[in-house]
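In: let me see the structure of the following:
(8 chains)
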Protein chains: 8
Amino acid sequence: MKTEIKQILEGVKAGAVSVEEALLKLKTQPYDDLGFAKVDLHRKIRQGAPEVVYGAGKTAEQIQGILGSMLKNGQERVLITRLRPETAEEIEKKYHIAYYKDAGLAVLGGMPEPDGIGTLVVATGGTSDIPVAEEAALTAEFFGNKTARLYDVGVAGLHRLLAEKEEIMNASVIIAVAGMEGALASVVGGLADCPVIAVPTSVGYGASFGGLSALLSMLNSCASGVSVVNIDNGFGAGFLASMINHMEAKK
Amino acid sequence: MKTEIKQILEGVKAGAVSVEEALLKLKTQPYDDLGFAKVDLHRKIRQGAPEVVYGAGKTAEQIQGILGSMLKNGQERVLITRLRPETAEEIEKKYHIAYYKDAGLAVLGGMPEPDGIGTLVVATGGTSDIPVAEEAALTAEFFGNKTARLYDVGVAGLHRLLAEKEEIMNASVIIAVAGMEGALASVVGGLADCPVIAVPTSVGYGASFGGLSALLSMLNSCASGVSVVNIDNGFGAGFLASMINHMEAKK
Amino acid sequence: MKTEIKQILEGVKAGAVSVEEALLKLKTQPYDDLGFAKVDLHRKIRQGAPEVVYGAGKTAEQIQGILGSMLKNGQERVLITRLRPETAEEIEKKYHIAYYKDAGLAVLGGMPEPDGIGTLVVATGGTSDIPVAEEAALTAEFFGNKTARLYDVGVAGLHRLLAEKEEIMNASVIIAVAGMEGALASVVGGLADCPVIAVPTSVGYGASFGGLSALLSMLNSCASGVSVVNIDNGFGAGFLASMINHMEAKK
Amino acid sequence: MKTEIKQILEGVKAGAVSVEEALLKLKTQPYDDLGFAKVDLHRKIRQGAPEVVYGAGKTAEQIQGILGSMLKNGQERVLITRLRPETAEEIEKKYHIAYYKDAGLAVLGGMPEPDGIGTLVVATGGTSDIPVAEEAALTAEFFGNKTARLYDVGVAGLHRLLAEKEEIMNASVIIAVAGMEGALASVVGGLADCPVIAVPTSVGYGASFGGLSALLSMLNSCASGVSVVNIDNGFGAGFLASMINHMEAKK
Amino acid sequence: MKTEIKQILEGVKAGAVSVEEALLKLKTQPYDDLGFAKVDLHRKIRQGAPEVVYGAGKTAEQIQGILGSMLKNGQERVLITRLRPETAEEIEKKYHIAYYKDAGLAVLGGMPEPDGIGTLVVATGGTSDIPVAEEAALTAEFFGNKTARLYDVGVAGLHRLLAEKEEIMNASVIIAVAGMEGALASVVGGLADCPVIAVPTSVGYGASFGGLSALLSMLNSCASGVSVVNIDNGFGAGFLASMINHMEAKK
Amino acid sequence: MKTEIKQILEGVKAGAVSVEEALLKLKTQPYDDLGFAKVDLHRKIRQGAPEVVYGAGKTAEQIQGILGSMLKNGQERVLITRLRPETAEEIEKKYHIAYYKDAGLAVLGGMPEPDGIGTLVVATGGTSDIPVAEEAALTAEFFGNKTARLYDVGVAGLHRLLAEKEEIMNASVIIAVAGMEGALASVVGGLADCPVIAVPTSVGYGASFGGLSALLSMLNSCASGVSVVNIDNGFGAGFLASMINHMEAKK
Amino acid sequence: MKTEIKQILEGVKAGAVSVEEALLKLKTQPYDDLGFAKVDLHRKIRQGAPEVVYGAGKTAEQIQGILGSMLKNGQERVLITRLRPETAEEIEKKYHIAYYKDAGLAVLGGMPEPDGIGTLVVATGGTSDIPVAEEAALTAEFFGNKTARLYDVGVAGLHRLLAEKEEIMNASVIIAVAGMEGALASVVGGLADCPVIAVPTSVGYGASFGGLSALLSMLNSCASGVSVVNIDNGFGAGFLASMINHMEAKK
Amino acid sequence: MKTEIKQILEGVKAGAVSVEEALLKLKTQPYDDLGFAKVDLHRKIRQGAPEVVYGAGKTAEQIQGILGSMLKNGQERVLITRLRPETAEEIEKKYHIAYYKDAGLAVLGGMPEPDGIGTLVVATGGTSDIPVAEEAALTAEFFGNKTARLYDVGVAGLHRLLAEKEEIMNASVIIAVAGMEGALASVVGGLADCPVIAVPTSVGYGASFGGLSALLSMLNSCASGVSVVNIDNGFGAGFLASMINHMEAKK
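Out: Below is the predicted model of the structure:
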């Protein structure tokens, strides 16, 4: 990773590079040459690691171009988020992608074998929260996680949620997706003893104010182990859950 | 109730009052003379019915004056809300009041026998919500209701709440008092099949924004039968609960 | 209701079920087997009781499927809320539903005889609030309540409201539906001595901020006996009003 | 009023002032020399007209200095707003002022004879709104208006307000002062056919959000002829009401 | 106006009406029979006085029906606000109305001769504020006011505004219409010594938040004599301005 | 854990307990007897596991009482949060606690050996954020985590943050504590490839609106792996970080 | 510039104009005749200086009319902002304009040679911010500035931004355009020692609340030298940057 | 500046430092060694350049310590902001500082000779805005700028502002400080053709919402060349103004 700097230094040592030249080179090198290997890892620049394309606002042609360039560079699996059906259909003419309509997600190169610590549970308060939940669940699967879906287990019908208590208690990480009053995160957070990622959704009307109600509710959760991502940010929740679920692999 | 108008009319009939005089009198009579008996009932002007004094911002002398006037007019029981300990102490020098420190409430003339439909349950999410809950419970008791207190049964420790499910299911009306994420109202609303009055409290910090989070959460409750009063409005909740719990007496 | 547990216990008693098996079964039983009968009642799982379908975001086919399944299970009356005319028209091809365009509501199986304590009054500030009011009124009728409609009695024309004071004073429960400044709830709350359920509407422009103005106004009502539901939540108000209007039937 | 410019011009005509000098003078004259007489009138620079001192944040010494300078310049009557009792007491040692504790106002030189079109009615929803109402009423009186006070006529006790309908209907201008739900402005606006100036107050708690609820409510008033000033701005309302009540004197 | 009550009373006097009957009648009379003549005046129930129809959300047929009924009852002049061009076109097929496209206003029966105290000035900050300003100006004209329009005199180009200072200083009432920072009201309020009605508009983008910025700015105006109506409420401003401009006619 | 149910079942099997008695007992057992072992684990009811006392609003006597009861039950280590110095001093008279003034935290029984996956990094934008950061760091240490503190590394002085890039890149979990613009979370989130828990603080003035600015900024972070807890919630962040840092121990 | 006043004064001197006539003329002259030359300069009324037309809401015909009038008066270069493609296309039929689709800008008469102090750097956090950035950059170029574009250098990928540190450090003025968390302004402000103009954009979703998050974040920047313009206000930023970049030319 | 890296490289060249050692050193060097000279310049680490100490929350002892260290390192002039009188008094016992009470600022080492492009004008809307304005003006003077103060020139008294138009038009940069409606920035921005830095203040009450009204107003300014800093941020405005006023010195 640090070979470029090393080469410069060896050039200096060998007298092939003057101190002044070296100074200039070091100053103008991109930072990733100076020890930011992990930035690279994180940004998935290395060939073969999964890559994410944010599809919103991109044309089918633009995405095809990106995919083409990626495939040429050896990228094998790509996740495309916030992709509309029409655009997906257009892309499919050229590339084999699996399009998940509910989540507005497409995957090129297929899902990997799960290799995380345990099972990620994705729970929703209602059926209208499912698109955001699917974005989270499929993102997590794309990054190598086994998932379980507990949909429509809102707190107003507690028996439905309690009927799934085994799943909840055995989860490695839970993603709680809810709009309206957003109480699901607190209730789940109280039942479980694993990290709970709360995703407020813009589902609701009136005083839900586009998800603000659920967002505030989740931030004020009195259950321990709950943290919150942006309204409707299924991808962010899925990605973070995967990170946590691969903690042991880190050392 | 309508005797004054009746007297005017009888005066007209008897010729003792001219049509013009009657016209003027009718026009300038307070409206409660024109059939607003129920306003009176509601406002408790009739002797002997319980009366409420809003204590905030009133001096001990002012309240003593009001109490004196009330007692002289035959009023037997009075509720004083938002009363500070120092003021209560001062009033006690002259009148036998029972002061409830937690709730900041005083009662003159004692609590009545409960005569409502059933038991009012007052539940809180945490211990910090108790002052508001006590205001609600004591108000309800003052207006003739049997109450049961379920304190500190917040949704993050669901087993505590579920352990009280008998109480919740047998309640006539439930007052759910909670700050922070305010999820208690939804969970209780889902368990019970009676009206739930949600009272958001200003308990919390940061993104609770002085009770806004709990307020929005409760307004967005997906449980049926839930309605909301102002932040920290324990009195309002207790009064409304009493009204509902005396429905059958109305006919 | 508790027969399943009872069967398990009797199996244990008879030696047909081992303690370990029983333990496992009890742990994995849905909670409604453990005494949550009232949840069931509330959720209307029992055959024949009225059921509600939230129509928003569902296709005609989906709703027809739900209706078919309900009818097969003996469900006789169904309320469908937030239903668009086109969808209603499509459903009507297969099922006899009564569609109420103003309210966006459909009823399958007809309205029942009213059996509540008294009459529910549904009042609106203006004519634009009528759709929300109709949702409330029809919901209440569906659940067995007699209703009276007092529309366009906003506080800026007080004589219109006062002309209806008899209705207001004789009401069992009042639903006050208003947008803009939402003052109707306070004025009605002052005239009546029954519970008032305030429904803010998103009617208005500019500083009404989508119903926020009416919502805050209603929450701050200085009239006793007023509580508030979400903006435009006619169904919630109708349901709660029915609950209150059937209080005496509860014992 | 325009004598300075005139003098310059006459100097030019007489040859005593060169064109260049005149040009410079005209360019650097304060604008009130160039036809802004009315600004002056408005700002009360002319001797003898009433003057207002904003007392908040000023020391007794500073205010005494201002008063001294004003009296020396022939100013006869001065209004001091937002004045604390301690400061007033200090000022009284040197000047004869009448201090109105409720309103936090002091008047030097006494109140004038009323000379407006009619009577200004100042109404409040509750007793806590009285300080703001007094600021409005006394300001109006200081500027030569007859006032009538209708305090504690909030809409939740409509009969109290209706008992005063004569006053309301005969008012020249009405100042409606209310906190909490702020509905007074709409109800008064519907009864009266004169301009109504609505003053939201910061009275209330919880969802009153420091007067925001009353402010929004008043801005959304469906009654015609209602306009709004800042929260707690009694002075502004009194000043504007006086302006309107002196309309006929303007021509 | 009060003849109905008088007749009842005379019936009582004459023995033709019993006291009980009279009591009942008095109780059930609409309030406008009990002295609310001015409500009627205000609401323009009397024949011949101008009437206003709020056109938003009404079909051409509905408006035609209202107009027909009005004309039959002797109503000569009608103002229709918030009327879309298509609807206006449809109405024109049956009635002679003058439609003002900019303002979205139609007038039936023509504009009257102005009979107010002076001239109403309607000023706007920019050209995008003109529709709201026209609604205000035409409303004022409909109610008998002479108007002067000063458009696009925003404070960022102060010379344009100052060039019109004569108009501003001679105005009877000024309506200041502005979006974005809404500073026009303060500057005009400082120049003029007549009442200024500020109308915030929803013109702007970003941090104008739909008119909130202009609204707050206007409410905080440090100029005396300024009050505020709802965002985009040109009609309200025009109506109130007319009220003020007809003050002398009131006595 | 499930012994109570087991005993009941065995009683049934042995005939010592009738089916009806068993049914009743099962229905009224606290839920933790029915398989909620993990709730227990989470709530730390088991002897010896660390326990947390929320100190805010509790007197020294109350806390001493709680500690006494805990020690008697074998609890060895206790964390007391939001504890004021005066209260801490009082408690110290009776119990050996270590009080951390900056964080407002006290620990009874000492800190344990760290046993987590890696090092938790706690970073702050400025020096004023340190109290919240210390609450987070000490909480994490109390639950068995090794921590590294990177204080005052705000993004406006990027070189300070970059100088610590080794620490950041090697972290197991990062807690980013910042007020004002809250940009630290995004920058750190971009550098690291571990979960980042963002804690907005109420540090700042003006448009920081009590932490709202930092909160929104952090929720909108475009860096992956970032989630947010409530404003000033150091404890919540420390607890969650510990949970994540002990993931491998879970299986 | 001041010739008109001068002529009046000379007329007075010569006796050709009476003092009264002069007085009247001076009072009614537009203010720009009285020394507001700089207003004129600023407003670019002088022939030949560049002019700006705000295109939003204007038809192609209206803009063509403005352009025609400008060209006739000798205006050589015109900038048209917020211009839609269709309108641009229509205008192009009559005038040679260069239309920049991304920025929604058109330029008539071409770009000038840059003559500012140094290079303006326009940086964006993401690719979605580019339209606003282009509006800023092209505006700056239109007013004679050399620009450098650093797009998609958001803080979550710090190495991309740091790779451009030379550009940033050598900039004369920097325009930082970012939505979502808006952290770019702070980071850039910390790296650079020149004025940074922050432009929040409405890019984002959920808790970005239409740019509010970025706006607050930028206002709270702890970096020195940062100021903020309205959300999406690329033109304002470009204009101000040009002003600063031409400071030396001012003396 | 880059001597450390140079020494390392020369060590490598000379064979005194191995490539591996050099690599390690380069990686762990603070970034300011790698070409961030300008960061240093900006942060004023170089001896002799003025330094700023943020006084809020620091004790007299802490500040004395910082000053001592600075003086020892050759720092000659120091600015201390947000310093309370008591703390200043304490510091004065040890160091010669000039304390400016209004602004809450202290300067050690005296003010320098102004060396900027022109004069900075600091204007305020009212007298209550002066503390923030003084913070701005003194900061600017500390960094070598000539300033002119135009206080209490709010837009409601336009003639006061216009009387100063010469100052405004000749300014190099203007800092417009205003609370309440914040209109000063727009009016000044329209008069001047130099950069205007708007500083909203928290001066006001009611709907000023702690400066929010002025902030929004200033962000929406329709005058070109206006940008905004945080509420009450006098220091930020003074620093930025100085930066702009020293533009020519930069090349």
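
In: ok, which residues in the stretch 151-251 of chain A are in contact with chain D?
Out: The stretch 151-251 of chain A has no residues near chain D, with proximity defined as C-beta under 8 Å from any C-beta of the partner chain. C-beta: built from backbone N, CA, C; applies to glycine.

In: how about the closest residue to chain D within the stretch 151-251 of chain A, nearest residue that isn't a chain neighbour?
Out: Taking C-beta to the nearest C-beta as the measure, the stretch 151-251 of chain A has A:A207 as its residue closest to chain D, at 11.0 Å. Once flanking residues are discounted, A:A207 sits nearest to B:L219: 4.3 Å by C-beta to C-beta, 6 or more residues apart in numbering or on different chains.

In: so where do the helices sit in the stretch 51-200 of chain A?
Out: A:60-72, A:85-92, A:130-142, A:158-162, A:165-170, A:184-191 (DSSP state H, counting those that start in this stretch).

In: how is chain A partitioned into domains?
Out: The domain map for chain A lists A:28-108, A:119-245, with the assignment taken from automatic domain parsing.

In: export the ones you listed to TSV and tack on mean pLDDT and mean neighbour count?
Out: Compiled in TSV, these are given as follows (pLDDT from 0 to 100; neighbours: other C-beta atoms under 10 Å in any protein chain shown):
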stretch	mean pLDDT	mean neighbour count
domain A:28-108	75	17
domain A:119-245	93	26
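
In: could you export those domains to CSV, including columns for distance to F:K101?
Out: What follows is the domains of chain A, written out as CSV (distance: least, C-beta to C-beta, whole Å):
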stretch, distance to F:K101
domain A:28-108, 36
domain A:119-245, 24
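
In: quick one: closest of these to H:G110.
Out: When these are ranked by distance to H:G110, counting by C-beta to C-beta, first place goes to domain A:28-108 at 41.6 Å.

In: the residue nearest to A:A207 contacts C:G236, doesn't it?
Out: No: B:L219 sits out of contact with C:G236 when judged by C-beta atoms under 8 Å, with a separation of 9.7 Å.

In: now for those two: what residues contact both?
Out: Common contacts of B:L219 and C:G236, defined by C-beta atoms under 8 Å, 6 or more residues apart in numbering or on different chains, comprise C:229-230.

In: which non-adjacent residue is nearest the single nearest residue of the stretch 101-250 of chain A relative to chain C?
Out: Checking the stretch 101-250 of chain A residue by residue against chain C with C-beta to the nearest C-beta singles out A:G206 as nearest, at 2.9 Å. Across the structure, with C-beta to C-beta, 6+ apart as the measure, the residue nearest A:G206 apart from its sequence neighbours is C:I231 (2.9 Å).

In: same question, A:T119
Out: That would be A:K146: by C-beta to C-beta, 6+ apart, it lies 4.9 Å from A:T119.

In: how much space between the one you found and H:I97?
Out: For A:K146, the distance to H:I97 equals 66 Å [C-beta to C-beta, to the nearest Å].

In: I figured A:V17 hits H:L9, correct?
Out: No: the criterion here is C-beta under 8 Å, and A:V17 misses it with H:L9 at 9.1 Å.

In: before we move on, which element is A:F239 in?
Out: A:F239 belongs to helix A:234-245 when assigned by DSSP states H and E.

In: show the contacting residues for A:L219.
Out: By C-beta under 8 Å, 6+ apart, the contact set of A:L219 is A:228, B:206-207, B:213, F:215, F:228-231.

In: distance to G:D102 and secondary structure added to those residues, as CSV?
Out: Listed next are the contacts of A:L219 as CSV, based on distance: C-beta to C-beta, whole Å; DSSP: H, G, I helix; E, B strand; the rest coil:
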residue, distance to G:D102, secondary structure
A:V228, 35, strand
B:G206, 40, helix
B:A207, 37, helix
B:S213, 40, helix
F:L215, 32, helix
F:V228, 33, strand
F:V229, 39, coil
F:N230, 40, coil
F:I231, 38, coil
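
In: switch those residues over to JSON lines; also include distance to A:E86.
Out: Supplementary listing: those in JSON lines, determined by distance: C-beta to C-beta, whole Å:
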{"residue": "A:V228", "distance to A:E86": "32"}
{"residue": "B:G206", "distance to A:E86": "43"}
{"residue": "B:A207", "distance to A:E86": "39"}
{"residue": "B:S213", "distance to A:E86": "39"}
{"residue": "F:L215", "distance to A:E86": "36"}
{"residue": "F:V228", "distance to A:E86": "34"}
{"residue": "F:V229", "distance to A:E86": "39"}
{"residue": "F:N230", "distance to A:E86": "41"}
{"residue": "F:I231", "distance to A:E86": "42"}
